[in-house]
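S.K.: I would like to see how this sequence folds:
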Amino acid sequence: MGPARLQVCLFFLLTNLLLVVAGCSGEQSKTHYAEVETGDSTNQGIWKMKDGPFVINKDTTIATDVIIEAGTLILIDDSAELFFEGDVHFAGTSEKRIKVAPINNHCGYITFDRDKAHVNIEETIFVNSKLKFNQFVYATLNAVRILNTAKLQSNESLICAYRGGNLTAKEIKMISNDWGEGIVVSKMDTVIITDSYFENINDAVEIEMCSYGQIRNCQFLHNKTDDAIDLNGCDTVYIENNRFTGVADNAIEAGWNLYYKRKTHKVYVTNNLFETCKIGIQAKEGAHIEGDHNTYRNCNYITCSLHEGSFQQHKYSIVDSVLLRTDSLEQHAIRTRWEYSATNGNKLFGTKNCVQPNFKAADTISCFGESSLGYHENSIRKSMK
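M.R.: So this is what the prediction gives:
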């Protein structure tokens, strides 16, 4: 059993123990939360750990601003949805994480439903839970764990936001079972996802109609049917210092938003490692992608371009053990341009490339005078808290 799966098992063991304790307390017969304190000038409700567990067994709306104290336990029934209509702060700490778990199999949605709300979620574990930002939102997620073993529909995601705003996610750890999707956001001004870990998730990050995005220092491991990063109708996105391993389809796919017919352009892919993926990077529906200092190992295809006007340009790349071809071209797309790139003998289309039959023994300096090629492995965090 790998360390990631062992951690999932330990989380679920802890959650089940907490559920037993909650059941013995007799608190599951009602839904409750701490009342707003008299004279509290901020007019915020405070959910205190000592008042928990907080049990949601029917649709419940919290109409005030809320602070959820470190160490608090929230239990949600399968058919119940928890609505927050104010600013919300999950104020967990690394010593006392907040825990959200189902009473039975899977929580109903946790929905943030106020326009321009500020939602700050720190050091919180969500087990079989789904977060939905239903309005324009300013959302910050820090050190959040999302663990899923429930069966989701193909159009369900563990985190979704589709009415605009800003999303910043740092040190997220999301482990699922290849059902549903991961983070799906739409129409946002800014999306920044850094230092995070995704495992067994199809479309781990899907961004539509984003004005500006960053995906940095993340790991995307092992899914069964879909992409790791899917961009549709985005303007400027930087994808840097990430590791993609065992992705069933495209590690990175960039296309257009079908409804608004808006293309993706200005995608910059820098210093990433792609290994044992079906396709490293795909540009379709007129998308433009620029790559720099990326490394590809044991992938079926390195780049794939589909549809008229789609274009990729890559430089200072390392291509090691391609199973089929370094470049796939269909439907009038522009062939990928490779510059100053090294391969182990498979053909690279482009100029100023170095082909070495014994790639591992090749001296890249002698190929084209550059010593800083490819993925820098030390730049990616190999373990998450």
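S.K.: contacts and neighbour counts: CA atoms only from here.
M.R.: Noted.
S.K.: in this structure, which residue is most central in space?
M.R.: Note on the chain: the residue nearest the mean C-alpha position is residue 205, at 4.1 Å, using Cα atoms, centre = their mean.
S.K.: residue 50 belongs to a helix?
M.R.: Yes: the assignment for residue 50 is a helix, going by DSSP: H, G, I helix; E, B strand; the rest coil.
S.K.: so what's the residue count around it?
M.R.: Neighbouring residues of residue 50 were enumerated by other Cα atoms under 10 Å; the total is 11.
S.K.: how much space between it and residue 61?
M.R.: Residue 50 is 22 Å from residue 61, where distance means Cα to Cα, to the nearest Å.
S.K.: residue 160 now?
M.R.: Taking Cα to Cα, one finds residue 160 at 19 Å from residue 61.
S.K.: neighbour-wise, which of those two wins?
M.R.: Neighbours per residue (other Cα under 10 Å) separate residue 160 from residue 61, with residue 160 holding more: 20 against 14.
S.K.: where does that one fall, helix, sheet strand or coil?
M.R.: Applying three-state DSSP: residue 160 is strand.
S.K.: tell me the contacts of it?
M.R.: Listed by Cα atoms under 8 Å, 6 or more residues apart in numbering, the contact set of residue 160 reads 131, 132, 133, 183, 184, 185.
S.K.: over to residue 254?
M.R.: Per Cα under 8 Å, 6+ apart, neighbours of residue 254: 230, 231, 232, 264, 282, 283, 284, 287.
S.K.: swap in 6 Å and give it another go.
M.R.: Residue 254 makes contact with 231, 283, according to Cα atoms under 6 Å, 6 or more residues apart in numbering.
S.K.: partners of it in the sheet?
M.R.: residue 231, residue 283 (DSSP bridges).
S.K.: how much space between it and residue 67?
M.R.: Residue 254 is 38 Å from residue 67, by Cα to Cα.
S.K.: quick one, helices of this protein?
M.R.: Shown for the chain, the helices assigned by DSSP state H span residues 3-25, 364-368.
S.K.: lowest mean pLDDT across these, which one is that?
M.R.: Lowest mean pLDDT within the helices of the chain: helix 3-25, a mean of 47.
S.K.: show me where pLDDT drops low in the stretch 251-385 of the chain?
M.R.: Applying pLDDT under 70 to the stretch 251-385 of the chain flags residues 258-260, 345-346, 357-385.
S.K.: rerun that using 50 as the cut-off
M.R.: 370-371, 378-385 (pLDDT under 50).
S.K.: how about the stretch 1-150 of the chain?
M.R.: Under the criterion pLDDT under 50, the flagged ranges of the stretch 1-150 of the chain are 3, 7, 10-11, 14, 17-43.
S.K.: pull the CA atoms of stretch 194-202 into PDB?
M.R.: Extracted as PDB, the C-alpha positions of stretch 194-202 are listed here (Å, rounded to 0.1, in the frame of the first residue of the first chain):
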ATOM      1  CA  THR A 194       0.200  26.200  -6.100                       C
ATOM      2  CA  ASP A 195       2.100  23.600  -4.100                       C
ATOM      3  CA  SER A 196      -0.700  21.000  -4.400                       C
ATOM      4  CA  TYR A 197      -1.200  17.300  -4.900                       C
ATOM      5  CA  PHE A 198      -3.900  15.500  -7.000                       C
ATOM      6  CA  GLU A 199      -4.300  11.700  -7.300                       C
ATOM      7  CA  ASN A 200      -6.800   9.500  -9.100                       C
ATOM      8  CA  ILE A 201      -8.800  12.500 -10.400                       C
ATOM      9  CA  ASN A 202     -10.000  13.000 -13.900                       C
END
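S.K.: residues making contact with it?
M.R.: 170-178, 181, 215-223, 226-227.
S.K.: out of these, which are inside strands?
M.R.: 170, 173, 174, 175, 181, 215, 216, 219, 220, 221 (DSSP state E).
S.K.: identify the farthest-apart pair in those.
M.R.: 181 and 216 (19.5 Å; Cα to Cα).
S.K.: higher neighbour count, the two?
M.R.: Neighbour count, other Cα under 10 Å: between residue 181 and residue 216, residue 181 has more, with 27 against 22.
S.K.: let me see the contact set for residue 220.
M.R.: With Cα under 6 Å, 6+ apart, residue 220 has these contacts: 198, 244.
S.K.: could you measure from it over to residue 129?
M.R.: 20 Å.
S.K.: between the two ends of stretch 233-244, what distance do you get?
M.R.: End to end - Cα to Cα - stretch 233-244 spans 22 Å.
S.K.: let me see the contact set for the residue lying closest to residue 320 once chain neighbours are set aside.
M.R.: Take residue 320 and drop its neighbours on the chain: the residue closest to it by Cα to Cα, 6 or more residues apart in numbering is residue 297, 4.7 Å away. In this structure, residue 297 makes contact with 275, 320, 321, judged by Cα under 6 Å, 6+ apart.
S.K.: of those, which is the most crowded?
M.R.: Counting neighbours by other Cα under 10 Å, residue 275 leads the contacts of residue 297 with 25 neighbours.
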